[in-house]
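can you look at this prediction? I've put the sequence above it.
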2 protein chains.
Amino acid sequence: MKISPRTNKRRLGVERMESTQTPLSKSRTSKSGPSIIDCDIHASIPHDGLKAYLPRIYREQIETWGKRLPGQNQMYMNGGTNGSMQEHQPTRGGNDEDAYLNYMRANHIDKFNLAYGILTGSDYGVHTTPDTDYAAALCSASNDYVIERYLSRDSRLKGSVHIPKQDPILSAKEIDRVGSHPDMVQVIVSNGAERPYGNRRYEPIYEACVRNNLPFAIHVSMEGIGINHPPTGAGYVSYYAEYRAARTQIMMAHLASFIFEGVFVKYPDLKVIMVEAGMLWIAPYIWRLDQDWKALRHQTPWVKEPPSEYYRKHVKVTSQPLELPPQKELFMPMLEAISARDNLMFASDYPHWDFDSPLLAFPKIDEDIKRRIFYQNAADLYNLSSVKLAEGGVQA
Amino acid sequence: MKISPRTNKRRLGVERMESTQTPLSKSRTSKSGPSIIDCDIHASIPHDGLKAYLPRIYREQIETWGKRLPGQNQMYMNGGTNGSMQEHQPTRGGNDEDAYLNYMRANHIDKFNLAYGILTGSDYGVHTTPDTDYAAALCSASNDYVIERYLSRDSRLKGSVHIPKQDPILSAKEIDRVGSHPDMVQVIVSNGAERPYGNRRYEPIYEACVRNNLPFAIHVSMEGIGINHPPTGAGYVSYYAEYRAARTQIMMAHLASFIFEGVFVKYPDLKVIMVEAGMLWIAPYIWRLDQDWKALRHQTPWVKEPPSEYYRKHVKVTSQPLELPPQKELFMPMLEAISARDNLMFASDYPHWDFDSPLLAFPKIDEDIKRRIFYQNAADLYNLSSVKLAEGGVQA
């Protein structure tokens, strides 16, 4: 593994935070639960808050034309009001800049005594507009807002670099601009796409990820919206339930694309995270890819190992929405088939309607694998050092 | 279940054939194998042979412009030369009209002592052209050719009605024209599509299927070719291995579409067959669909039962290319999870490169379930009466 300048920066940053900041949590539930890293938390960015971080030209355009971003809600329903849990009722408006942060701390971070929470974004609509410079400005504003208004206020929160993936060169610039911030732990894009993500057009992004020692996360969203392809290989679906199924199909396409385009051969340090696309489908999918690779590998000779090996070494998966087979005895064998011990990371998707509670979503599993899924796999991937928990005790 | 005029016609047809025709087989291998129905055999239709069944205007157009059908081979490779097994070397050209039929009998039907073989088509390119009347003429010619040159020559062969699915009304007319032939046992389309097959635009096709008591089969092919959508929800893939994976993703989209559009509620007698798209993916897919349906069923209230129930009652799956988990102990539980005992039907895909031998492809499984997969499920679906085997013994 290459040593990048980032490794040092990250380590310094983490040490600094640990010495000057301690988690604020006063847990109600930690006694019964393991130490938890939540890999998918959505923190709100208010419309006016974001605008303050935009250049004047875009502030004026927004005043004249509105936000101009095609969104999912214009095409498909979601679950819950605005996609959120019913009990999610943060204070809206007012002058308290930290109102949402404090609400989220009380109702999620502290409540479940999270060691860390990875913020994955509030609006992926930036990826649906044909106005690429505008998308780039929105990504920069969003990144600056998150650093200043969330990451700098709570050392447990870590951020994701949003990029205008319409333009991989501009994306690489944005990764280089904010990716070295010690609290930025990954680059993130939405799942809806113009081409599968293994395509060579995206290479500047992966070069920048490796240069900044950041994994590349794909979060389901915006499939078939705006400039993206229709959400299935058979065109548009009619209903949200189908749409949710289609998202996984697109994630499958991205995974095959990374493998068969040889991205992991070109960038042996690159890690990819599949967020919110389910997990059990991965088992029969890599079985099939391995079979086809064996028969057809002469057509893609740069793919040196079975697809399942690239998955195992380079790809992580988040758990929410957690799938459970009706045949309960199949759950553990399926977890083993997807290498959950090394590749699965817990995510809650707070505050969305299909939120998975860190305490309730999983059936009972062995403490060893549970600890890896709920903490260690993410700690290793994101290079999060051990933290002193509020309740005492050191996580290695 | 409605009684359609077809049921009588079919029964009469089968009886007539049984009394006047006996299978020609002289098996080399049947002693060791069960009675077999092969649900996916591709029989060649020579270019000149098809032309003879076309109206003059299209014969002249072909002479001037060639066949004008976008095809997969112009976009992606396949396995083997022309997609076939290396040992597949039928005589080409010459004056022997039955040369291919005789070759196929010797090398597949007789060799494996098939009770029946379902012919699924030689070219799905008809579904990729924007010239819909031309597609309709090609489908009619193909159907007439198959009836005259295959079905009438061997009572073990059964045919599939090809339709110009670009125009569901014309498609229904073609189903009504040839669907009542006693040896036509299903309607078939390719998997590549302009919209998922549950979409209401296709309803005239399903009405005609039910009217003629024919199941509707979807065979992987032509994804992303010609007028069809790109093969994934993220656009075009680069390589054939990805393309094969994408086919399954599209089949997933069709399955969700049938369920959530309520096609099986509108047409309770309709059966759908998913051909050559794999099978083990169905397990986690229906687990996930069931979970989402439970949470979101208020959005599609016409979907009365869990998706897995519609799958179980209305959908059949063919086995080739057979997937085997590397964890051998998972194979039977996965077969159970996809209701293989009732829903899986053997297919060889003869003569294509990834042919599954009726004798070698499957691992050892219980005789009871084996008999259902290799014979009974297809016999029930296609209403194929019991046949006297060449070696004696009556299959119930």
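It's in.

quick one: contacts for A:Ile37?
A:114-118, A:345-346, A:374-375, A:378-379, A:382, A:384 (CB atoms under 8 Å, 6 or more residues apart in numbering or on different chains). Glycine gets a C-beta too; all of them are placed from N, C-alpha and C.

so of those residues, which ones are in helices?
A:378-379 (DSSP state H).

relative to chain B, which of the contacts of A:Ile37 is nearest.
Among the contacts of A:Ile37, A:Phe346 lies closest to chain B (CB to the nearest CB), at 17.8 Å.

excluding chain neighbours, give the residue nearest to the closest one in space.
The shortest distance from A:Phe346 to any non-neighbouring residue, by CB to CB, 6 or more residues apart in numbering or on different chains, is to A:Phe374 (4.6 Å).

report the buried members of the contacts of A:Ile37.
Neighbour-count burial (16 or more other CB atoms under 10 Å in any protein chain shown) applied to those gives A:114-118, A:345-346, A:374-375, A:378-379, A:382, A:384.

will you turn those into TSV that also has distance to A:Gln299 and pLDDT?
Converted to TSV, those look like this (distance: CB to CB, whole Å; pLDDT from 0 to 100):
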residue	distance to A:Gln299	pLDDT
A:Leu114	46	97
A:Ala115	45	97
A:Tyr116	42	98
A:Gly117	43	98
A:Ile118	37	98
A:Met345	33	98
A:Phe346	38	98
A:Phe374	40	98
A:Tyr375	41	97
A:Ala378	36	98
A:Ala379	39	97
A:Tyr382	36	98
A:Leu384	40	95
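
A:Val161 contacts A:Val178, correct?
Yes - between A:Val161 and A:Val178 there is a contact under CB atoms under 8 Å: 5.7 Å.

name the residue in the two with the higher neighbour count.
A:Val161 (30 against 21; other CB atoms under 10 Å in any protein chain shown).

where's the more buried one, which helix or strand?
strand A:157-162 (DSSP states H and E).

and for A:Trp287?
A:Trp287 belongs to helix A:282-296, assigned by DSSP H and E.

quick one, helices of the stretch 1-150 of chain A?
For the stretch 1-150 of chain A, the helices defined by DSSP state H, counting those that start in this stretch cover A:5-20, A:47-51, A:56-65, A:99-104, A:132-146.

and A:Tyr134, what pLDDT?
Here, the pLDDT recorded for A:Tyr134 equals 98.

nearest residue to it in space, ignoring adjacent ones along the chain?
A:Tyr58 (6.2 Å).

got the contact list for that neighbour?
A:134, A:137-138.

how many neighbours does A:Ile147 have?
A:Ile147, neighbours per other CB under 10 Å, totals 16.

one more: the one 3 residues further on?
A count of nearby residues for A:Tyr150, using other CB under 10 Å, gives 23.

that one and A:Val303, how far apart?
Between A:Tyr150 and A:Val303 the computed distance is 40 Å (CB to CB, to the nearest Å).

likewise for A:Lys173?
30 Å.

repeat that for A:Tyr53.
42 Å.

any chance of the contacts of A:Ile37 in JSON lines, plus distance to A:Trp353?
Conversion of the contacts of A:Ile37 to JSON lines gives the following (distance: CB to CB, whole Å):
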{"residue": "A:Leu114", "distance to A:Trp353": "20"}
{"residue": "A:Ala115", "distance to A:Trp353": "25"}
{"residue": "A:Tyr116", "distance to A:Trp353": "23"}
{"residue": "A:Gly117", "distance to A:Trp353": "19"}
{"residue": "A:Ile118", "distance to A:Trp353": "20"}
{"residue": "A:Met345", "distance to A:Trp353": "21"}
{"residue": "A:Phe346", "distance to A:Trp353": "18"}
{"residue": "A:Phe374", "distance to A:Trp353": "22"}
{"residue": "A:Tyr375", "distance to A:Trp353": "26"}
{"residue": "A:Ala378", "distance to A:Trp353": "23"}
{"residue": "A:Ala379", "distance to A:Trp353": "28"}
{"residue": "A:Tyr382", "distance to A:Trp353": "26"}
{"residue": "A:Leu384", "distance to A:Trp353": "28"}
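
quick one: which of the contacts of A:Ile37 sit in strands?
A:114-118, A:345 (DSSP state E).
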